[in-house]
Structure formats: C-alpha cells, structure tokens
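Visitor: Sequence below, structure please.
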Amino acid sequence: MNTIAIAGTFDTKGEEFLYVKHLVEDLGLNPFMIHTGVFDPSFTVDVTNEEVALAAGYDIKKIVERKDRAMATEALSKGMENLIPKLYEKGKFDGIISFGGSGGTSLVTPAMRALPIGVPKVMVSTMASGNVAQYVGTSDIIMMPSIVDVAGLNKVSKMIFKNAVLAIAGMVSLGDKLPQDSGEEKPLIAATMFGVTTPCVDRAKAYLEDQGYEVLVFHATGTGGKTMEALVDAGFFAGVLDLTTTEWCDEIVGGVLAAGPERCGAAIRNKIPQVVSVGACDMVNFGPMDTIPAEFSGRKFYKHNPTVTLMRTTAPENAKIGAALADKWNNAQTDMTILLPAKGVSMIDAEGQPFDGPEERKVLFETIKENITNENVRIEELPNNINDTEFALTAAKELIRLLNA
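Guide: Presented below is the predicted three-dimensional model:
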C-alpha cells in the first residue's frame, strides 16, 4: 500500500488534518502522520513533535517552557529538514503533503526541499499565490493556493483539501501505470542558456546528443542557475557546459536575476568536467523600465520585452564580473576550459547590435586572463560571436575531450 506523509501542526489544526487523513484512507492509501506543532495533539501520530525537535538537538519540553515562537519554529523546521529525508530513505512514505499559513509553510517546506527530485511534494498554503521562491527553492514542490485560510472546515476548504489529496494520491499511486522509459540511459550534461545565447546552446546541445549524451538546459535566471548547481551537487551530471554565466552580472551590479555567490561552484566541488564561457555578461536584468533604480539613470538600456529590461554592463563592472568569475574558476581541482568569444558574448553584443562593446569585452577578457592562476584552467579566445556555429561546436567538442580524458 502506498503511504502519504501528512505533516503539520496537529495541535492547532487537528480537525483539518484529521479530515485529510480520512480522505487519504478513503482512497485506500496509508497516512503517515507527522506532528510539527509545539503542544500535544488530541490524536495518535506516527512521528511526534518530540522526535522532530530532537532531530535538531532540541528538547520539546524546554521549547514549551520558553514560549518563544521563533525558537520553536526554528527548532521544528530544522528537525523536519533533518528527519524527513531519513524517514523517506527508510521507506516510511512515498510522498508528502502539508497545509498551512506562512508559519506552517515555513515549518515543512525545508524538509520537502531536502527530499530528492521526483518525490511527490504538495504544500497547500496561504502564501502560494505570491512569490514562493523562499519556500520552493530549487526543488519540485507543488505549491497550491489554499484560497481561504487553513482554519476550520468549510465548503471551500474541503474542496481544496480534496483536490490536494487527489493530486498527491495520483502521484504516489499511478506512477507505475505510465509507460516506463526503457531507452538506454545516457550520460547527462548540464547547460546554461539565456534568450540571447540560445543559438549557441542549441547547436552545442544537438552535437552532444548526436554523440550519445543527454543535455538538460537551465535558463540562467537566478533560479535556473541555483537549480543547476543543486543538481550538480546531487550527482546528476557527467559534465557541465556553463556557457551563460550572466547571473554574475546581476550579483555584482544589483540586477533581479542573481543566483547568489555560490554560482559556478558545484562542478568544481564535485570535480566534474566543464567548459565555461561568459555568455550574456554584457547585461544586467531588471523588470519594466519604471522599476529600474534611479542610480542607473542615463545608462544604456534595451527593452527585451514588456516585463524585462536589459542594461549594458560598463567596463568597470566587467572588471568586477571577470574578477569574480576568475576567483571561482581558480578553485578547479581538475582540468576545465574557459572559452572567450572575441566578437561578442550575446546576440545583442555583436557588430551593429545595441550592446556591441569591444572595450567592455576587452576588459572582461583581460581581467579573467590576468586573474586565472590555476594550471588546471585552460583559456582559449575564439574569433567568433558566442552564437556562431564554430564557437558552439568548439565548446561541445572540448567538453567531450574533457569527459574522455
């Protein structure tokens, strides 16, 4: 029998979670009840809050005595994050579901994020209609709006609860009903792409797939870069084609699509062969024109679409970006290759295009060359735009060379 983990604050929302438990049982599935509240619930559970707190090194009795909501949330959230992956590894459940407001969502989603990609995860939340990046992160959590607060049973909440249970029930019980992929498992390659580097990555991807690899492309929008890094750390990939490192522009200058200071670290940490470049490092990303900070008034902008405005990076900014990339790449413990496209780093950084910037490119390239001191890192400058066929094929062939080596 498939088992669904039901996690939540059973002390304050016992009626709602018992309703969900009965729905799971009515579908012929086994509920696995995990209590994340501070006080004891009115019914028996499979995992107590004491066990959850202990997994983070806390005593639930002391948490109760302190009456500190922030400490309780931190302890139980961390305990869930530590405990849930272990319970899954032991085969205690096949998927997990939870319901809550901002507090309940914060308690359970860190644990959901700690589970492998592909494990069914559904979070019914009052926060689901807004920005859910802090809850989902780089995982595959399904965020479902609760419509009304998770506070009692009513016509609307029952409808939402039923749909949520049906969704996760389908995921855990019908997976083996679909045709399984019986094809040969191919080595996976991670690649990064932006709209303005799409021709390059498409050509490189096609070549690599012709050679027997499977290529997963990540959109370098901050979340995309973080997701790729997380999956590299999780051991999914044999090689990395990180040609679009534009997220460092947003990180350095202050754009809206930064991936954080850990970007470009996973392949090096895991000693995975990689070929990298500076795709789209000619631009910083903002929203509509009227959202751009006043400090950037007078800069060169390009309206990519109604919701995205690009700003050309300056020579001083390129020096900082180049130094940051070199600092990351200098940590390589195995051979890697940097390819620099002399005639432009994007579709609009090309002769006659809005962001064509020979001086900015020169500063970027020279900074990288001057700051790379690691003998494991090979640098090659090619007489192409990044989207030229020759550049794309060179990148793909170089990655295959490193993989074979």
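Visitor: Please count neighbours and contacts with C-alpha atoms only from this point.
Guide: OK.
Visitor: quick one: the top helix by length along the chain to chain centroid distance?
Guide: Taking DSSP state H as the criterion, the chain has its longest helix at helix 69-89. On the basis of CA atoms, centre = their mean, to the nearest Å, helix 69-89 sits 21 Å off its chain's mean C-alpha point.
Visitor: Would you mark the buried spots in it?
Guide: Going by neighbour count (16 or more other CA atoms under 10 Å), the buried part of helix 69-89 is 72-73, 75-85, 88.
Visitor: Show me what the following helix or strand past that helix is packed up against.
Guide: The helix or strand immediately downstream of helix 69-89 is strand 95-100, counting by DSSP states H and E. When contacts are defined as 3 or more CA pairs under 8 Å, 6 or more residues apart in numbering; DSSP states H and E, strand 95-100 packs onto strand 3-8, helix 102-113, strand 121-125, helix 155-173.
Visitor: Which one of those lies nearest to residue 338?
Guide: helix 102-113 (32.4 Å; CA to CA).
Visitor: how about the strands in the protein?
Guide: Here the chain has its strands, by DSSP state E, at 3-8, 30-35, 95-100, 121-125, 142-145, 188-193, 214-219, 239-242, 274-276, 283-286, 301-305, 308-312, 336-341, 377-382.
Visitor: of those strands, which approaches residue 404 most closely?
Guide: Nearest to residue 404, of the strands of the chain and by CA to CA, is strand 239-242 at 10.6 Å.
Visitor: I'd like the mean pLDDT over the closest one, please.
Guide: Averaged across strand 239-242, the pLDDT comes to 98.
Visitor: Keeping just the C-alphas, turn that strand into PDB.
Guide: Provided in PDB are the C-alpha atoms of strand 239-242 (Å, rounded to 0.1, in the frame of the first residue of the first chain):
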ATOM      1  CA  GLY A 239      29.700  17.200 -17.400                       C
ATOM      2  CA  VAL A 240      28.700  20.800 -17.400                       C
ATOM      3  CA  LEU A 241      28.500  23.300 -20.300                       C
ATOM      4  CA  ASP A 242      28.200  26.500 -18.400                       C
END
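Visitor: ok, it: who's next to it in the sheet?
Guide: Strand 239-242 has its sheet partners listed here by DSSP bridges as strand 188-193 (parallel), strand 274-276 (parallel).
Visitor: starting at the chain centroid, how far to that strand?
Guide: Offset of strand 239-242 from its chain centre (CA atoms, centre = their mean): 16 Å.
Visitor: ok, residues contacting that strand?
Guide: Contacting residues not belonging to strand 239-242 are listed as 188-192, 267, 272-277, 395-396, 399, 403 [CA atoms under 8 Å, 6 or more residues apart in numbering].
Visitor: Sketch out the low-pLDDT regions of the chain for me.
Guide: The chain contains residues with pLDDT under 70 at 181-183.
Visitor: how does it divide up, domain by domain?
Guide: Using automatic domain parsing, the domain parsing of the chain gives 3-177, 188-404.
Visitor: Residue 257 touches residue 308, doesn't it?
Guide: No: contact between residue 257 and residue 308 fails when scored by CA atoms under 8 Å: they sit 10.7 Å apart.
Visitor: Tabulate the strands paired with strand 239-242 (CSV), appending mean neighbour count and distance to residue 8.
Guide: Formatted as CSV, the strands paired with strand 239-242 follow (neighbours: other CA atoms under 10 Å; distance: least, CA to CA, whole Å):
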stretch, mean neighbour count, distance to residue 8
strand 188-193, 24, 36
strand 274-276, 26, 42
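Visitor: Mind putting these into CSV with distance to residue 165?
Guide: CSV is the format used below for these (distance: least, CA to CA, whole Å):
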stretch, distance to residue 165
strand 188-193, 34
strand 274-276, 42
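Visitor: Residue 136 is nearest to which of those strands?
Guide: Among the strands paired with strand 239-242, the nearest to residue 136 by CA to CA is strand 188-193 (20.5 Å).
Visitor: what does that closest one contact?
Guide: Applying CA under 8 Å, 6+ apart, the external contacts of strand 188-193 come out as 201, 213-220, 225, 228, 236-245.
Visitor: Show the buried residues in these.
Guide: Going by neighbour count (16+ other CA under 10 Å), these have 201, 213-215, 217-220, 225, 228, 237-245 buried.
Visitor: ok, back up a step: kindly reformat the helices and strands packed on strand 95-100 as a markdown table containing mean neighbour count.
Guide: Putting these into a markdown table (neighbours: other CA atoms under 10 Å) gives the following:
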| stretch | mean neighbour count |
| --- | --- |
| strand 3-8 | 25 |
| helix 102-113 | 22 |
| strand 121-125 | 25 |
| helix 155-173 | 17 |
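Visitor: Of the ones you listed, which is nearest residue 62?
Guide: Among the helices and strands packed on strand 95-100, helix 102-113 sits nearest to residue 62 (CA to CA), with 18.5 Å.
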